[in-house]
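Participant: sequence and predicted structure, then a few things I'm wondering about:
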4 protein chains.
Amino acid sequence: MGAELGPNRYGKGGIHVATVVRREDRHEFFDRIVDVRLEGDFADVHVAGDNAPVLPTDTMRGSVFALCKERPDEEAEAFALRYTAYLLEASAAATKAEAWVTERPWERVVIDGEPHPHAFTLGAYRRTAHVIRDRSSATLFAGIEGLSILKTTGSAFSGFLRDRYTTLSDAEDRILATQLRAEWRYAITDLDFAAERDAVKDAIVRAFAHHDDSRSVQHTLWEMGCAVLEASSSVQEISFSLPNLHHIEADQSPYGLASEGQVFVVTDSPSGQIEGTVRRATEGSPPAP
Amino acid sequence: MGAELGPNRYGKGGIHVATVVRREDRHEFFDRIVDVRLEGDFADVHVAGDNAPVLPTDTMRGSVFALCKERPDEEAEAFALRYTAYLLEASAAATKAEAWVTERPWERVVIDGEPHPHAFTLGAYRRTAHVIRDRSSATLFAGIEGLSILKTTGSAFSGFLRDRYTTLSDAEDRILATQLRAEWRYAITDLDFAAERDAVKDAIVRAFAHHDDSRSVQHTLWEMGCAVLEASSSVQEISFSLPNLHHIEADQSPYGLASEGQVFVVTDSPSGQIEGTVRRATEGSPPAP
Amino acid sequence: MGAELGPNRYGKGGIHVATVVRREDRHEFFDRIVDVRLEGDFADVHVAGDNAPVLPTDTMRGSVFALCKERPDEEAEAFALRYTAYLLEASAAATKAEAWVTERPWERVVIDGEPHPHAFTLGAYRRTAHVIRDRSSATLFAGIEGLSILKTTGSAFSGFLRDRYTTLSDAEDRILATQLRAEWRYAITDLDFAAERDAVKDAIVRAFAHHDDSRSVQHTLWEMGCAVLEASSSVQEISFSLPNLHHIEADQSPYGLASEGQVFVVTDSPSGQIEGTVRRATEGSPPAP
Amino acid sequence: MGAELGPNRYGKGGIHVATVVRREDRHEFFDRIVDVRLEGDFADVHVAGDNAPVLPTDTMRGSVFALCKERPDEEAEAFALRYTAYLLEASAAATKAEAWVTERPWERVVIDGEPHPHAFTLGAYRRTAHVIRDRSSATLFAGIEGLSILKTTGSAFSGFLRDRYTTLSDAEDRILATQLRAEWRYAITDLDFAAERDAVKDAIVRAFAHHDDSRSVQHTLWEMGCAVLEASSSVQEISFSLPNLHHIEADQSPYGLASEGQVFVVTDSPSGQIEGTVRRATEGSPPAP
């Protein structure tokens, strides 16, 4: 029997690093978890047990701390770009380096309207940066994950396909809730990352809130995607993952009470899973309706 | 051999209910997970398999939705008081009913300075209410959990006990980080719960941030407890659970770099675990130093 | 305002240690997570910021590794006894030391009927040891947790109390499923811990499986408790925590199919929560019916 | 600005179904969580809010229960094949249906050597089935996940690449531990799935245990992959995901003790991440060394 090595990669997950920038009047604090993978010519590592081309995953860990020391005040996106460049430089066998940074958003404490110089509380969602780099170029993504967002009206789901197993009723007014994950690709890498990220997040939240005739999660996904492309000319495309976190009106009839859109059973699973990408139309592609 | 039934209780966990209050100009949204236990004379249930005195846990579930329908705009504390009263009324065998409510804090979306009427995002920590009720009285607790809070300076840990296994160095300036859980007991149950809760949380965050000569997690725990008792005369005592989430400075010496308080390894475990209660001094007890 | 320090304790959680015992013909492998708390006279630590009486939680961590080095082949129960004794010896201010050990059960790989000398796979549930020690005595508990156990028949729940919110139907034949947690207290501490633990677990599983007229989770709890007291004369009492993991028959009527006890919706939450202790009857107490 | 819809899909996650097969002498019990996605021509759903082509995710849920009722004793692989066929039949707009089944392995209780007719305990890892089906064909994968496996000797990692950030020492004898996930693709879909799965799992465990000169996780990955291809002629390729769960020898020198390979710090993160595929050599490809 002949066997061969197919696609393979290796790296480190869960490298958790924090940096403090000690300015005179205030501190900045960054809290990031880094994941990384290398791909390349590692066949002999597997087949012959030859470790000569292997940059240890322990080095991938240690180098995060060293690189952060050099630029402790860097945005996650810039770090991911620099880190992947180091990895390709360090590993001759590698043809591709991929890094993901998940940032926990510590927010400065405000007391009596005054920002505190060195106290922070943790916010609710996470920011992400993601770089795919080969020997000739780098692709940069930024994102947010764990953003739970909900509207209590302005959302419907009706007029859908019915088959022999379909029991769902049309809903003209339902709660729409999701735990949003989005990742967008930048056209360039020389950007004010914080400003871009805030603009994208703001566009997403606005579009979600203002989309008052949502016909489906998909419909709102499209609305949010278009809003982002409009809000930032640097964003080439944005992908969403939108679980539909169902809120089912409680049946009050056994208790002799009326169901009037007030009380809901929140279910954790199963959940709908809606995923999709909105991108700038390529030349020659038909315009979106 | 003689066996007997010792302490026992039963109930339901994870009852997840949401309520929408549809006011003319805006909606309110509450999202709560309810846990409940009953204690009482349930020996025959165990020993003889006699279910006659057992209010089913399914009824504990269903009644949450019915009770919420009656008062959808109620605070979690008021709901827990009413729910435990219902349970004792419904179950003649029960001598004690205990309920815990964990509230996920949905915050109204603000767009261009305008609060949105029906869109919300989820905040970072959770609020809790907890009632212990017997046939003659009820004890009410409120709380917060999952509040991650951190300061980058103003915290030390030194001058501690040393034994043959102690290798820790004195630290005069360290990062102090915790994921705070607190539960406080109210002297009375007729309160503006939202206002009390905000006052307590505010006192905790202020005390944490302003305690600039923290000698230990315990030291800051005391400071926060005293601040809460001062901020709200309705609070009789407050208990804290404060994991010490260690941030260990990365050793840069192998890379020929200096360690200057900028880059830290964040460890998830092990973690210190500090727990303590601060309460109003009982008559005749010596004043706190 | 007078404030005082109420109950308090401190310690370390999540100390993860593995030991290898390298015998000539085979290795043993133990994998344990240790938690610990000290109580005592620590008021000045909180109130005055005086760390002199504080054994650092880092020492609680380091000493686990040192103590394991001295006796790498020790059972978890013996380790917890020795560890708490060390802690009281090391900390003059402490009046009580409590330790919990959670052991992940690695099982030796068997190939063609032959036990492998040094390869292991991880089993499904965890074993626990728990010691509470003061200056005069120690109390020892052992336990199991995460033991998912289920029977597809031989379980009923009917004849229960009904009130205005009760909609549950009587069930004469239902699936009974739980994720069992049990902790039992030993009368003495000089025991063959592995043999005791196996006897207790065996008694629990047998009683669960053989209890063919289960009227409720409580009813089976009692059955299992009595079986354990009978199986091991060293066990003084045993406490169970038994979530009722509901399996609800899927309603096939919308699809024109019959519901015949074959297909079930498994729900993660809400779940029933049944907790209770079975203990040896104290002298003079009435015999169990 | 022109926007267009890029890749998109939708479905349901977390459909949890259990089936009981009530044979005369014993019951069988299956416990599965189903995820599903559809891809196809759903542009108008997003862009125009037209739900006409949308088979509701609620129907994807309900149909699982109906299909299980028709064949409650079916293996997970067969179910996934049948389920995806139904989905393409039900949804004219779909061009591709993908389903994942995760099976929790309940094992029959054995008492005094006798298999119990209807009592089960849950095993330690999960089995998976995965089907990708388009209008012309189906691709079938099976797998295991969460299989924690470990060896206390017979594993080294040395001779690796060193750069300016590399501090790791060569290890000639280390603990090798992973939580294995594997997914293999079958050449055909008409198989004794249980027998195949057992043969593959057995080959993996054997290869892991017997690979006594493991030079790296990658080296053992290759060994396991080749063993699987040899054990089952139906397997075309197998992909592994192998976190390297580091066990770092505790430094005993501060305590005046020797480090002799007995006591280890178990770290949860960061962890190495090794992924790779071993497949049958395609015609003309060079044989594996």
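Facilitator: In hand now; what should we look at? Numbering: from 1, shown residues only, chains lettered A, B, ... in the order given.
Participant: let me see the domain layout of chain A.
Facilitator: A:9-136, A:143-289 (automatic domain parsing).
Participant: who does the closest residue to A:Leu229 other than its chain neighbours form a beta bridge with?
Facilitator: With sequence-adjacent residues excluded and distances taken as CB to CB, 6 or more residues apart in numbering or on different chains, A:Leu229 is closest to D:Ala3, at 5.4 Å. Placement of C-beta: from N, CA and C, glycine included. Listed by DSSP bridges, the beta-bridge partners for D:Ala3 are A:Arg280.
Participant: so what's A:Gln273 up against?
Facilitator: A:241-244, D:10-13, D:35, D:37, D:57 (CB atoms under 8 Å, 6 or more residues apart in numbering or on different chains).
Participant: how far off centre is the helix or strand containing it?
Facilitator: For A:Gln273, the element it lies in under DSSP states H and E is strand A:271-280. Centroid separation for strand A:271-280 versus its chain: 13 Å, with CA atoms, centre = their mean, to the nearest Å.
Participant: same question for it, mean pLDDT?
Facilitator: Strand A:271-280 comes out with an average pLDDT of 98.
Participant: ok, stretch A:171-179 next?
Facilitator: pLDDT averaged over stretch A:171-179 gives 97.
Participant: which outside residues touch the lengthiest helix in chain A?
Facilitator: Counting residues, the longest helix found in chain A (DSSP state H) is helix A:193-210. With contact meaning CB under 8 Å, 6+ apart, helix A:193-210 is reached by A:75-78, A:127, A:129, A:142, A:144, A:147, A:149, A:151, A:180, A:182, A:184, A:186, A:220, A:223-224, A:226-228, A:230-232, A:234-235, A:238, B:109, B:111, B:116, B:119, B:121.
Participant: circling back to that earlier point, so which of the domains of chain A comes closest to B:Thr282?
Facilitator: domain A:9-136 (32.1 Å; CB to CB).
Participant: is chain C within reach of that closest one?
Facilitator: No: Domain A:9-136 does not reach chain C (CB under 8 Å from any CB of the partner chain); its nearest approach is 14.6 Å.
Participant: mind listing the strands in the stretch 51-200 of chain A by residue range?
Facilitator: Taking DSSP state E, counting those that start in this stretch to define them, one finds strands in the stretch 51-200 of chain A at A:94-103, A:106-111, A:114-122, A:126-134, A:138-151, A:176-186.
Participant: just put these in JSON lines and tack on mean neighbour count and distance to D:Asp25.
Facilitator: Output for those, formatted as JSON lines (neighbours: other CB atoms under 10 Å in any protein chain shown; distance: least, CB to CB, whole Å):
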{"stretch": "strand A:94-103", "mean neighbour count": "22", "distance to D:Asp25": "53"}
{"stretch": "strand A:106-111", "mean neighbour count": "16", "distance to D:Asp25": "61"}
{"stretch": "strand A:114-122", "mean neighbour count": "18", "distance to D:Asp25": "57"}
{"stretch": "strand A:126-134", "mean neighbour count": "22", "distance to D:Asp25": "53"}
{"stretch": "strand A:138-151", "mean neighbour count": "21", "distance to D:Asp25": "50"}
{"stretch": "strand A:176-186", "mean neighbour count": "22", "distance to D:Asp25": "47"}
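Participant: Throw the ones you listed into a markdown table and include distance to A:Arg162, thanks.
Facilitator: A markdown table is the format used below for those (distance: least, CB to CB, whole Å):
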| stretch | distance to A:Arg162 |
| --- | --- |
| strand A:94-103 | 41 |
| strand A:106-111 | 47 |
| strand A:114-122 | 45 |
| strand A:126-134 | 39 |
| strand A:138-151 | 26 |
| strand A:176-186 | 22 |
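Participant: follow-up on the earlier one: quick check: angle from the strand holding A:Gln273 to strand A:176-186?
Facilitator: Per axes from the mean of the first three to the mean of the last three CA atoms, to 10 degrees, the angle that strand A:271-280 makes with strand A:176-186 is 30 degrees.
Participant: circling back to that earlier point, sort out for me which of the contacts of A:Gln273 are in strands.
Facilitator: Applying DSSP state E to the contacts of A:Gln273, the entries found in strands are A:241-244, D:10-13, D:35, D:37.
Participant: turn the residues you listed into CSV, columns for neighbour count.
Facilitator: Shown next, in CSV, are these (neighbours: other CB atoms under 10 Å in any protein chain shown):
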residue, neighbour count
A:Ser241, 17
A:Leu242, 26
A:Pro243, 22
A:Asn244, 22
D:Tyr10, 29
D:Gly11, 24
D:Lys12, 27
D:Gly13, 20
D:Asp35, 18
D:Arg37, 23
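Participant: in those residues, find the pair that's most separated.
Facilitator: Top of the distance list for those (CB to CB): A:Leu242 and D:Asp35, 15.2 Å.
Participant: now the end-to-end length of stretch A:71-82.
Facilitator: 10 Å (CA to CA, to the nearest Å).
Participant: got the buried residues for it?
Facilitator: For stretch A:71-82, the neighbour count (16 or more other CB atoms under 10 Å in any protein chain shown) marks A:72, A:74-82 as buried.
Participant: quick one: A:Thr102 and A:Arg32 touch, right?
Facilitator: Yes: here A:Thr102 reaches A:Arg32: they are 6.8 Å apart, a contact under CB atoms under 8 Å.
Participant: how about the nearest residue to A:Asp41, chain neighbours excluded?
Facilitator: Leaving out its chain neighbours, A:Asp41 is closest to A:Ala93 (CB to CB, 6+ apart), at 4.9 Å.
Participant: ok, A:Cys68 next?
Facilitator: A:Cys68 sits nearest to B:Val263 (CB to CB, 6+ apart), 4.7 Å away.
Participant: please report how far the one you found lies from chain D.
Facilitator: 13 Å (CB to the nearest CB, to the nearest Å).
Participant: again with A:Pro254
Facilitator: Taken as CB to the nearest CB, the span from A:Pro254 to chain D is 22 Å.
Participant: buried residues in stretch A:53-70?
Facilitator: Counting neighbours by 16+ other CB under 10 Å, stretch A:53-70 gives A:53-69 as buried.
Participant: quick one on the thing from earlier: I'd like the strands of the stretch 51-200 of chain A as CSV, with distance to chain B appended.
Facilitator: Formatted as CSV, the strands of the stretch 51-200 of chain A follow (distance: least, CB to the nearest CB, whole Å):
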stretch, distance to chain B
strand A:94-103, 12
strand A:106-111, 5
strand A:114-122, 4
strand A:126-134, 11
strand A:138-151, 4
strand A:176-186, 8
